[in-house]
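Visitor: Next come a sequence and a model predicted from it.
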Amino acid sequence: MCGIVGAIAQRNIVPILIEGLSRLEYRGYDSAGIAVLNQQIERVRAVGRVAELERKAQGLSSFIGIGHTRWATHGGVTEQNAHPHVSPTQDNPQIAVVHNGIIENHDEQRDRLTALGYAFHSQTDTEVIAHLVHYYYQQTRDLLQAVKLTISELTGAYAISVIALENPTQMVVARLGCPLLIGLGDGENFVASDVSAVLSATRRVIYLEDGDVASLTSAGVVIYDKTLQVVERKEHLSDVSLASLELGPYNHFMQKEIHEQPRAISDTIEALIDDGAFRTELFGVEAADIFSQIDSVLILAAGTSYYAGLTAKYWLESIARIPTSVEIASEYRYRESVPNPKQLIVTISQSGETLDTMEALKHAQKLGHTHSLAICNVQESAIPRASSLVFYTRAGAEIGVASTKAFTTQLIALFVLAVTLAKERGLLSPAQELAYLSDLRQVTGSVQIALNLEPQIREWAKQFGDKEHALFLGRGVHFPIAMEGALKLKEISYIHAEAYPAGELKHGPLALVDSNMPVVVIAPNDVLLEKVKSNMQEVKARGGQLFVFADADSHFNASEGVHVIRTPRHVGVLSPILHVIPVQLLAYHAALLKGTDVDKPRNLAKSVTVE
Ligand code: G6P
């Protein structure tokens, strides 16, 4: 989704803005722009890639500027709608603004500003911010005051960065409901919506809190909280590595991130393995107290994270014997549910900023839920900050829109949660604890072995490249993996794919099965294997082509219409983690054959910060 970067320094900041914007590209965008200050506000905008913007910005130079990548919400993908937006007029800009989020009362503000004589040149909600800041700047001649007065009139969500022609040494920023951080340099300061945008300049960051407004000069930063009092915010040293933002020898970030999974998993379990025990404190200092009070779990998430939640339900109920429900965040937040204050709300979010998941958490808290745990991959992001407990997965920055290593590390975190809750509830014998630890230790190697199946999966993908539809089947804890496989295939290869619990086949989808419908089956050796084999016969009898992912103990043989790839190990309860690897690879290679933009599939964004 949209991204912000800004810089104020004693050197030319245009290369910093361009590099920051290209670091933000992974979030998904359709146009980009920058505005810098010299004798006038100079603005360059372009539809499409940041590389195009860079070309148009050749020769531009300044000590202060703001930049933006836009993912269209209000108004189409046009240069007129790209940020920065300016006021009072296009020919004589005195104020320039970049904005992430949505201003809900923009229609009303637009009418008011039109009556005041302002003309609008875009269909965006952001343009009202530029005009409002200009309006108040005329009255106060103080950019900070003008921004404070402006935001007092806005409803909705925003992260903004503003510069003014008359103030070449000051930038004012503000946030409510959208992430924004300040990067601290030596005699220079930065602003960004995502730490990756400032990493090449600094690792020292301050995460602004909701309601904060800040004034930046090259020499310093002053932050005001929502009561407009000066406030100190903690400085962090970001541990995001620049290497995680580079492709290295890979062709796509998705490919790189699929192959990083053994490392991501071992980093995520490192503390646990060092301790040699499932320690409740891994979830936070209050975890023991909270875990002793809860009687059930409600998981809220979106997209791939929701499928991690669906998988976790099986573990939480079978290992910890705790009733668990899983709900799509955007549904839960608008439903009249029955609150239970003894329920632990677990949010799962790679980015920690998905708006629907954040709002679902706030909704639960309004209903009286006080216990919450965030499973998240981004330190200090909004969702963990709003939660009582947090478990950070250590997948490293995930750039590909289609989530891969974040998913497997979420599964690890959720498995650890299930075992830890079982221990807290007195359901875990020391021998069982050791056995689960050993399972976790071995999973990294098993995932590596599954990755080695890539050449066979690449061959299979050839039989998907010309198909329009595919069906994914699984049962029990592997049904969510079938769902994740279908999601991966549809989002990056645009092949329509649906997942069904294999037992439901005969209640509808069997009608679709013919030789043009590949049917992918997740079939490890578990209690449901014989049932899955019967379901497969139903497909085979109708001429369907079966592509079966089995494990070492499944005892399948390939035959006419039945293709089998067997992972060389059986990993018991952690089997979903192993079986998601081949479906990720299948989607990746099918997408390559279709020639799609694997890392930036059409219409999708990495971080969905709008409804
Ligand atoms: C978007 C991304 C998905 C992701 C989902 C939830 O749709 O494209 O890859 O699974 O958001 O994101 P989250 O950051 O909350 O896990």
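Guide: Arrived safely, thanks for sending.
Visitor: wait, does the host helix or strand of residue 326 make contact with the ligand?
Guide: Using DSSP states H and E, residue 326 maps to strand 324-328. No: between strand 324-328 and the ligand, judged by C-beta under 6 Å from any ligand atom, nothing touches; the nearest distance is 10.4 Å. No exception for glycine: its C-beta is placed from N, CA and C like everyone else's.
Visitor: and that strand, what other elements does it pack with?
Guide: For strand 324-328, the elements it packs on are strand 296-301, helix 303-319, judged by 3 or more C-beta pairs under 8 Å, 6 or more residues apart in numbering; DSSP states H and E.
Visitor: Give me the sheet partners of that strand and which way each runs.
Guide: Here strand 324-328 has these sheet partners by DSSP bridges: strand 296-301 (parallel).
Visitor: Just want the angle from the strand it pairs with to helix 303-319.
Guide: Here strand 296-301 runs at an angle of 160 degrees relative to helix 303-319 (axes from the mean of the first three to the mean of the last three C-alpha atoms, to 10 degrees).
Visitor: Tell me how many other residues crowd residue 277.
Guide: Using other C-beta atoms under 10 Å, residue 277 is surrounded by 15 other residues.
Visitor: now swap in residue 367 and tell me
Guide: 14.
Visitor: That one reaches residue 335, doesn't it?
Guide: No: with contacts defined as C-beta atoms under 8 Å, residue 367 does not count as touching residue 335, sitting 10.8 Å away.
Visitor: Return the list of helices and strands in contact with the strand or helix carrying residue 161.
Guide: Using DSSP H and E, residue 161 falls within strand 156-164. Packing contacts for strand 156-164, counted by 3+ C-beta pairs under 8 Å, 6+ apart, involve strand 3-8, strand 64-70, strand 93-103, helix 126-140, helix 143-151, strand 171-176.
Visitor: Go through these and pick out the most buried.
Guide: Comparing the helices and strands packed on strand 156-164 by mean neighbour count (mean count of other C-beta atoms under 10 Å), strand 3-8 ranks first with a mean of 31.
Visitor: So which elements touch that one?
Guide: Contacts defined by 3+ C-beta pairs under 8 Å, 6+ apart place strand 3-8 against helix 14-24, strand 64-70, strand 93-103, strand 156-164, strand 171-176, strand 189-192.
Visitor: Please produce JSON lines containing these, extended by mean pLDDT and distance to residue 222.
Guide: Putting the helices and strands packed on strand 3-8 into JSON lines (pLDDT from 0 to 100; distance: least, C-beta to C-beta, whole Å) gives the following:
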{"stretch": "helix 14-24", "mean pLDDT": "95", "distance to residue 222": "22"}
{"stretch": "strand 64-70", "mean pLDDT": "96", "distance to residue 222": "16"}
{"stretch": "strand 93-103", "mean pLDDT": "94", "distance to residue 222": "20"}
{"stretch": "strand 156-164", "mean pLDDT": "94", "distance to residue 222": "15"}
{"stretch": "strand 171-176", "mean pLDDT": "96", "distance to residue 222": "10"}
{"stretch": "strand 189-192", "mean pLDDT": "98", "distance to residue 222": "11"}
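Visitor: Let's have the ones you listed in TSV, adding distance to residue 436.
Guide: Formatted as TSV, these follow (distance: least, C-beta to C-beta, whole Å):
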stretch	distance to residue 436
helix 14-24	39
strand 64-70	43
strand 93-103	42
strand 156-164	41
strand 171-176	41
strand 189-192	40
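Visitor: centroid residue for this structure?
Guide: Residue closest to the average C-alpha location in the chain (C-alpha atoms, centre = their mean): residue 351, at 3.6 Å.
Visitor: SS state for that residue?
Guide: Recorded secondary structure, residue 351: coil (DSSP: H, G, I helix; E, B strand; the rest coil).
Visitor: For residue 498, give the beta-bridge partners.
Guide: Beta-bridge pairing for residue 498 (DSSP bridges): residue 471.
Visitor: how near is it to residue 117?
Guide: Distance, residue 498 to residue 117, by C-beta to C-beta, to the nearest Å: 55 Å.
Visitor: Now do the contacts for the residue in the chain that the ligand sits nearest to.
Guide: Of all residues in the chain, residue 303 sits closest to the ligand, at 2.8 Å by C-beta to the nearest ligand atom. Residues counted as contacts of residue 303 (C-beta atoms under 8 Å, 6 or more residues apart in numbering) are 354, 403, 487, 608.
Visitor: try 10 Å
Guide: Applying C-beta atoms under 10 Å, 6 or more residues apart in numbering, we find residue 303 in contact with 328-329, 348-350, 354, 356-357, 401-403, 407, 484, 487, 491, 604, 608.
Visitor: Please apply the same query to residue 302.
Guide: Counting by C-beta under 10 Å, 6+ apart, residue 302 makes contact with 309, 328-331, 347-350, 354-357, 360, 608.
Visitor: if you set the cut-off to 8 Å instead, what comes out?
Guide: Counted by C-beta under 8 Å, 6+ apart, residue 302 has contacts 328-330, 349, 354, 356-357, 608.
Visitor: re earlier: chain center to the strand holding residue 326, what's the gap?
Guide: Chain-centre distance of strand 324-328: 19 Å, with C-alpha atoms, centre = their mean, to the nearest Å.
Visitor: Contacts for it next, please.
Guide: Contact with strand 324-328 is made by 296-302, 306, 309-310, 312-313, 316-317, 335, 356, 360, as judged by C-beta under 8 Å, 6+ apart.
Visitor: Kindly provide the distance from residue 281 to residue 267.
Guide: With C-beta to C-beta as the criterion, residue 281 and residue 267 are 18 Å apart.
Visitor: more neighbours, the two?
Guide: Neighbour totals were compared for residue 281 and residue 267, and residue 267 leads with 17 against 12 (other C-beta under 10 Å).
Visitor: what about that one, which SS state?
Guide: Per three-state DSSP, the local secondary structure of residue 267 is helix.
Visitor: ok, stretch 362-380 near the ligand or not?
Guide: No: shown here: stretch 362-380 not in contact with the ligand (C-beta under 6 Å from any ligand atom), separated by at least 7.6 Å.
Visitor: How far does that stretch stretch from one end to the other?
Guide: Taking C-alpha to C-alpha, to the nearest Å, stretch 362-380 runs 17 Å from one end to the other.
Visitor: and it, which residues are buried?
Guide: For stretch 362-380, the buried set under the neighbour-count rule, 16 or more other C-beta atoms under 10 Å, comprises 363-365, 369, 371-380.
Visitor: Reformat those as a markdown table; add distance to residue 106.
Guide: Formatted as a markdown table, the buried residues of stretch 362-380 follow (distance: C-beta to C-beta, whole Å):
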| residue | distance to residue 106 |
| --- | --- |
| 363 | 24 |
| 364 | 29 |
| 365 | 28 |
| 369 | 32 |
| 371 | 37 |
| 372 | 32 |
| 373 | 36 |
| 374 | 31 |
| 375 | 34 |
| 376 | 31 |
| 377 | 32 |
| 378 | 29 |
| 379 | 33 |
| 380 | 29 |
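Visitor: Just these: which are in helices?
Guide: Those of those mapping onto helices are 363-365, per DSSP state H.
Visitor: Specify which member of the contacts of residue 302 is nearest to residue 421.
Guide: residue 349 (20.2 Å; C-beta to C-beta).
Visitor: What confidence value was assigned to the closest one?
Guide: On the pLDDT scale, residue 349 is placed at 97.
Visitor: Check the one 3 residues further on too.
Guide: Turning to residue 352, the model gives it a pLDDT of 93.
Visitor: can you tell me which residues contact it?
Guide: Listed by C-beta under 8 Å, 6+ apart, the contact set of residue 352 reads 374, 376-378, 381-384.
Visitor: Quick check: nearest residue in space to it, chain neighbours excluded?
Guide: The shortest distance from residue 352 to any non-neighbouring residue, by C-beta to C-beta, 6 or more residues apart in numbering, is to residue 381 (2.7 Å).
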